[in-house]
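> no FASTA, just this:
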């Protein structure tokens with residue numbers, strides 16, 4: 001052997017003849033079953049291969065690969081393993097100049113076949129499978145780094161390599177269950193096909209470039225489909241965890257896009273299959289948080305929301321078809337609901353991996369998906385359509401709540417832009433109590449930036465707020481601007497939400513949490529005053545009971561007011577204010593304990609009909625609070641002004657059964673200026689004839705306008721110059737006179753706030769003062 005090696009190194013041009021001779025001898029020995037000579041020939045080939053210089057190896061490789069292929073074609077497991085070991089040694093040799101005509105198609109097919117070995121002997125089966133995995137690993141190492149060689153990333157190769165590795169990941173060997181003694185096994189034998197397949201898969205994916213990721217992922221999805229491995233989803237999650245941790249971080253979004261596309265393609269599969277895919281998306285999105293999540297964020301959420309709506313349709317109709325199936329349902333409602341919860345969880349998981357600006361876009365996108373009624377009639381009955389619309393609204397709001405959980409944004413103008421806040425607050429005034437509660441939870445999640453919310457999860461009288469360890473920061477300039485812009489809108493919706501007759505315990509807890517969170521996160525001196533006015537107005541709702549609230553609702557409003565005033569009095573750290581609040585609470589404890597949170601917000605609330613005949617000493621008086629706070633420097637004039645919500649048409653129209661019903665063809669005009677309730681004017685009925693008349697009238701108006709323009713053009717074309725000049729001069733004179741009147745009104749010096757002074761000769765003289773010294777009403781100051 002040493003002489004042969006020396007001869008080969010001395011005359012490398014003879015390598016091809018040496019290889020051809022050894023190949024011929026090996027083929028003859030295999031055919032004659034002289035396996036000893038076969039081993040000797042392969043040993044000689046291996047040593048020559050290792051000793052040859054890389055420049056001359058191409059002369060020898062063709063014969064070598066023919067001999068390896070001959071061994072792999074044999075039915076003897078030992079010869080297959082022998083050929084595999086030789087190929088692995090060859091794969092580890094780095095070549096300077098690749099051979100472009102070399103093909104590895106046979107080796108990919110044969111090694112993949114060995115990975116699926118079903119030999120009767122478990123030990124031999126394990127050895128063959130491990131040899132097949134090592135062979136595939138060798139093929140990958142030999143070809144993956146050089147694009148000029150055989151492209152291993154092509155679908156025909158990936159469709160064989162990836163399923164073979166997944167097959168061994170999926171099946172644990174029976175031989176392992178026998179648990180041989182550690183003293184009887186070497187380190188090499190301890191390795192199982194599962195571990196080797198996982199290592200090979202990680203190596204393959206780690207080498208995948210941007211354009212090759214999809215070809216590597218598609219066989220995984222097909223394998224999971226063919227073997228029904230989405231349910232149970234454990235193996236699918238393991239596979240994609242391996243994938244996400246193995247590929248380059250900047251390619252993570254490609255995997256998620258593949259999964260989302262696969263979910264879309266399986267939109268009519270069983271709910272458990274879709275739920276399994278969604279769970280995998282959730283796990284993958286969590287891992288992708290540290291890397292790139294791609295540019296098509298809204299596309300991912302659009303697909304998830306579409307699947308959510310499809311699932312609701314399947315649940316209601318019982319069929320994957322668009323038509324209603326009155327017969328036996330082929331869809332289990334419980335499975336569809338589990339799928340819906342999985343989608344909502346995935347939306348939250350994926351949103352948590354996004355930067356703040358993307359989260360805001362996602363919130364706006366979800367809010368825009370809230371359904372509105374259309375004028376088109378379909379096969380659904382009215383009741384079924386209403387149920388579908390409500391379910392979609394519920395699921396979208398649940399999804400939105402998942403996105404807002406953990407949302408951190410220092411600038412509230414960014415977290416709650418007008419385009420998002422307006423439709424959200426409109427939904428807060430619906431008759432559906434469950435939807436109103438979701439809206440309050442969403443607002444709480446967005447406003448609470450320091451994690452104080454859970455400390456106000458129950459409504460109670462707190463003796464000392466220092467035990468809560470509240471995290472409080474000074475109100476920033478951005479927060480002040482936000483409250484100047486949106487505070488009245490927030491107060492109005494809190495006030496109207498308190499006046500809902502369908503409120504229950506969780507609603508009052510959410511409202512209390514909202515008031516407390518605003519006081520901690522966004523409060524300055526002006527906000528504190530407005531919040532106190534707001535809570536006193538809420539107390540007046542229960543006291544006056546103009547809307548005929550139940551006894552429980554009225555007691556709950558009294559208790560809510562007491563709990564909040566107790567909290568805000570300690571936050572302001574004003575002894576006189578705290579003393580007054582404590583005095584009223586002590587009187588309630590003695591005479592009307594049913595007005596305190598400890599009696600109302602319990603499992604079995606204790607209420608009393610005596611709420612109609614309350615003494616004033618158990619009520620928080622605005623005059624007394626104004627006197628106490630005014631003495632400490634607060635704006636007493638503003639405190640003395642009762643809070644009155646500025647009701648708008650948007651609030652009135654939002655008072656519907658669903659978000660979508662705020663859009664109405666009937667225009668109702670209702671006066672808000674009169675303090676007394678008046679009968680609503682009957683709405684004008686819009687009929688076909690009305691619409692037809694409007695269209696005809698508009699056509700006539702257009703004809704008149706067209707004729708008038710024609711006359712003007714004709715006049716300027718044919719009339720004499722003097723006539724045109726006179727016409728234009730008259731218009732100019734009229735304009736000048738109007739401007740002079742306006743200037744006289746605006747330039748006149750402002751009157752003195754103290755009135756006018758009567759000067760000599762009986763003339764009234766206006767006494768002017770500088771503008772900066774004038775005191776304007778609050779409504780005129782911004």
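Okay, I see it. Because the structure is a prediction, the values reported are computed rather than measured.
> which residues of the stretch 601-750 of the chain fall in helices?
622-630, 636-640, 649-654, 688-718, 721-747 (DSSP state H, counting those that start in this stretch).
> any chance of JSON lines for the ones you listed, columns mean neighbour count and mean pLDDT?
For the C-beta atoms, the positions are set from N, CA and C on the backbone; glycine is no exception. Shown next, in JSON lines, are these (neighbours: other CB atoms under 10 Å; pLDDT from 0 to 100):
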{"stretch": "helix 622-630", "mean neighbour count": "18", "mean pLDDT": "89"}
{"stretch": "helix 636-640", "mean neighbour count": "16", "mean pLDDT": "83"}
{"stretch": "helix 649-654", "mean neighbour count": "16", "mean pLDDT": "46"}
{"stretch": "helix 688-718", "mean neighbour count": "10", "mean pLDDT": "76"}
{"stretch": "helix 721-747", "mean neighbour count": "9", "mean pLDDT": "79"}
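> can you put those in CSV and add distance to residue 34?
Listed next are these as CSV, based on distance: least, CB to CB, whole Å:
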stretch, distance to residue 34
helix 622-630, 108
helix 636-640, 108
helix 649-654, 92
helix 688-718, 99
helix 721-747, 118
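> quick one, which of those gets closest to residue 529.
helix 636-640 (5.4 Å; CB to CB).
> off-centre distance for the closest one?
43 Å (CA atoms, centre = their mean, to the nearest Å).
> quick check, residue 350 in contact with residue 281.
Yes: the pair residue 350 and residue 281 passes the contact test of CB atoms under 8 Å, sitting 7.3 Å apart.
> right, and the helices of the stretch 601-750 of the chain - which one's nearest residue 530?
Set against residue 530 and scored by CB to CB, the helices of the stretch 601-750 of the chain come closest in helix 636-640, at 7.8 Å.
> picking up where we left off before, hey, what's in contact with both of residue 350 and residue 281?
With contacts defined as CB atoms under 8 Å, 6 or more residues apart in numbering, the residues adjacent to both residue 350 and residue 281 are residue 256.
> with residue 604 as the reference, measure out to residue 276.
As judged by CB to CB, to the nearest Å, residue 276 and residue 604 stand 44 Å apart.
> quick one, which of those two is more surrounded?
residue 276 (27 against 4; other CB atoms under 10 Å).
> now that one: phi and psi?
The phi/psi pair for residue 276 (degrees, to the nearest 10) reads phi -60, psi -40.
> give me the pLDDT value at it.
If you check residue 276, the pLDDT there is 94.
> and for the closest residue to it other than its chain neighbours, the neighbour number?
In space, and not counting its chain neighbours, residue 276 is closest to residue 230: 3.2 Å by CB to CB, 6 or more residues apart in numbering. Applying other CB under 10 Å, we find 24 residues neighbouring residue 230.
> isn't residue 230 up against residue 273?
Yes: at 4.6 Å, residue 230 counts as touching residue 273 under the criterion of CB under 8 Å.
> skipping adjacent residues, who's closest to residue 300 in space?
Spatially, and ignoring its direct neighbours in sequence, residue 300 is nearest to residue 260 (5.3 Å; CB to CB, 6+ apart).
> what about that neighbour, how many residues nearby?
Around residue 260 there are 24 residues (other CB under 10 Å).
> and it, what are its phi and psi?
According to degrees, to the nearest 10, residue 260 has phi -60, psi -40.
> so it versus residue 241, what's the distance?
For residue 260 relative to residue 241 (CB to CB), the value is 18 Å.
> what do you get for residue 421?
Residue 421 sits 39 Å away from residue 241, going by CB to CB.
> and these two? Which one has more around it.
residue 421 (22 against 15).
> OK, contacts around the more buried one?
With CB under 8 Å, 6+ apart, residue 421 has these contacts: 486, 489.
> quick one: mean pLDDT over the host helix or strand of it.
Residue 421 is part of helix 418-427 when elements are defined by DSSP states H and E. Averaged across helix 418-427, pLDDT comes to 86.
> need the contact list for residue 88.
Contacts of residue 88 by CB under 8 Å, 6+ apart are 134-135, 137-138.
> any chance of TSV for those residues, columns secondary structure?
Compiled in TSV, the contacts of residue 88 are given as follows (DSSP: H, G, I helix; E, B strand; the rest coil):
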residue	secondary structure
134	helix
135	helix
137	helix
138	helix
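> out of those residues, who's nearest residue 614?
Among the contacts of residue 88, residue 137 lies closest to residue 614 (CB to CB), at 83.2 Å.
> is it true that residue 47 lies in a helix?
Yes: per three-state DSSP, residue 47 lies within a helix segment.
> distance of it from residue 41?
Counting by CB to CB, the gap from residue 47 to residue 41 is 11 Å.
> where do the strands sit along the chain?
Remark: strands assigned in the chain by DSSP state E are 757-758, 764-765.
> report how many residues lie close to residue 28.
Per other CB under 10 Å, the neighbour tally for residue 28 reads 13.
> if I look at it, how far off is residue 81?
Distance of residue 28 to residue 81, given as CB to CB: 21 Å.
> what do you get for residue 430?
71 Å.
> residue 47 and residue 41: who's more crowded?
Between residue 47 and residue 41, counting by other CB under 10 Å, residue 41 is the more crowded of the two (22 against 15).
> what about the stretch 301-450 of the chain, any weak spots by pLDDT?
321-330, 371-382 (pLDDT under 70).
> neighbours of residue 319, how many?
Neighbours of residue 319 under the rule other CB under 10 Å: 17.
> assess the claim that it and residue 331 are in contact.
Yes: at 6.9 Å, residue 319 and residue 331 qualify as touching, with contact defined as CB under 8 Å.
> next, the residue nearest to residue 276: phi, psi?
According to degrees, to the nearest 10, residue 230 has phi -80, psi -20.
> so who does it touch?
224, 236, 272-273, 276-277, 280.
> ditto for residue 547
For residue 547, the contact set (CB under 8 Å, 6+ apart) comprises 499, 501, 541.
> so residue 732 versus residue 345, what's the distance?
Applying CB to CB, the value for residue 732 to residue 345 is 71 Å.
> same deal with residue 125?
40 Å.
> what does residue 556 give?
Separation of residue 556 from residue 345 (CB to CB): 33 Å.
> higher neighbour count, those two?
residue 556 (27 against 17).
> isn't that one right up against residue 503?
Yes: taking contacts as CB under 8 Å, residue 556 lies within contact range of residue 503: 7.2 Å.
> what sits against residue 592?
Residue 592 neighbours (CB under 8 Å, 6+ apart): 608, 610, 614, 618.
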